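Visitor: how does the following fold in three dimensions:
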Amino acid sequence: MTTPPTTIAEKLHALREQIPSHVTLVAVSKTKPVEMLAEALGAGQCDLGENRVQELVTKAEHFETSEVRWHHIGHLQTNKVKQIVPYAHLIHAVDSMRLLEEIDKRSAVVGKVSDVLIQVHIAQEAQKHGFQTDELESAFNAIAKAPFQHVRVRGLMGMATFTDDASQVGREFRVLRQAFDRWNPNDWDTCSMGMSGDWTIAIDEGSTLVRIGSAIFGSR
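Guide: Purely as a prediction, here's the structure:
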């Protein structure tokens, strides 16, 4: 009988054996202590995801000499953009033009180009954020016309409904992948969908980035 993985390093190794090489694994480290993050980094996991701005900033300052790629994966308020821009490798959940404009403005101040993902609302849950699919054309037209020099759209992200209905989750992920294929200007490389409970479905539907937390670090 195979012994199930117990350490963070073992869990990461097991996941990497299942996740295709073209799919980026972001280890969602929100609420976890720096000791657990250090173990993940020691196992070669450089992409870490946080959804609270202050927590990401604090951890980024703690690991300032390491090769961490910090992903801000949660809803981002415009008044917090200034804090996150200096540290974020990728901002996942841009859900309005106003937020995109603020990221561009704050990125210009620190002299960097911030990589971002446009969030699309694909779930049936109203509380989830993102552009509706029928808003994407006007949004991308506005982006094309705007003089953004300090943001770079890398692709789309979305979260499926929290449900045990795998067929529904698959349909919702399919909507996101179809939108990705339709609107991709040929330089996008990231279709971010899939978390601990549905990442296998997401990869089947064309995800190129999955965000996994509890399967690595344990439940909160």
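Visitor: the longest helix in the protein is where?
Guide: Taking DSSP state H as the criterion, the chain has its longest helix at helix 166-183.
Visitor: quick check: closest non-adjacent residue to Leu48.
Guide: Ser29 (4.7 Å; Cβ to Cβ, 6 or more residues apart in numbering). C-beta coordinates here come from the backbone N, C-alpha and C atoms, glycine included.
Visitor: now the one you found. Its backbone dihedrals?
Guide: phi -100, psi 10 (degrees, to the nearest 10).
Visitor: measure it to Ile73 for me?
Guide: Distance from Ser29 to Ile73, counting by Cβ to Cβ, to the nearest Å: 10 Å.
Visitor: the inter-axis angle of the lowest-mean-pLDDT helix or strand in the chain versus helix 166-183?
Guide: When the helices and strands of the chain are compared on mean pLDDT, DSSP states H and E, helix 136-145 comes out lowest with a mean of 90. Here helix 136-145 runs at an angle of 40 degrees relative to helix 166-183 (axes from the mean of the first three to the mean of the last three Cα atoms, to 10 degrees).
Visitor: before we move on, the earlier item: the longest helix of the chain: how far from the chain's middle?
Guide: Mean C-alpha position of helix 166-183 versus that of the full chain (Cα atoms, centre = their mean, to the nearest Å) differs by 16 Å.
Visitor: hmm, who's touching the least confident helix or strand of the chain?
Guide: 97, 100, 118, 120, 131, 153, 179, 183 (Cβ atoms under 8 Å, 6 or more residues apart in numbering).
Visitor: repeat the analysis, applying 6 Å as the threshold.
Guide: Helix 136-145 has contacts (Cβ atoms under 6 Å, 6 or more residues apart in numbering) with 97, 131, 183.
Visitor: of the residues you listed, buried ones?
Guide: 131, 183 (16 or more other Cβ atoms under 10 Å).
Visitor: TSV for the contacts of helix 136-145, including pLDDT and distance to Arg174?
Guide: TSV is the format used below for the contacts of helix 136-145 (pLDDT from 0 to 100; distance: Cβ to Cβ, whole Å):
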residue	pLDDT	distance to Arg174
Met97	94	26
Phe131	93	17
Trp183	94	15
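Visitor: returning to what we had before: helices or strands up against the longest helix of the chain?
Guide: helix 199-204 (3 or more Cβ pairs under 6 Å, 6 or more residues apart in numbering; DSSP states H and E).
Visitor: so after the helix it packs on, what's the next helix or strand?
Guide: The first helix or strand that comes after helix 199-204 along the chain, using DSSP states H and E, is strand 209-212.
Visitor: and that following strand, what's its mean pLDDT?
Guide: Mean per-residue pLDDT for strand 209-212: 98.
Visitor: what's the per-residue pLDDT of the residue nearest to Glu50 when sequence neighbours are not counted here?
Guide: Leaving aside its chain neighbours, Glu50 sits nearest to Leu56 (3.8 Å; criterion: Cβ to Cβ, 6+ apart). At Leu56, the model reports a pLDDT of 96.
Visitor: secondary structure element for Leu56, which one?
Guide: With DSSP H and E as the criterion, Leu56 is inside helix 53-62.
Visitor: also Gln119?
Guide: With DSSP H and E as criterion, Gln119 is part of strand 114-119.
Visitor: that strand pairs with which strands?
Guide: strand 88-94 (parallel), strand 151-157 (parallel) (DSSP bridges).
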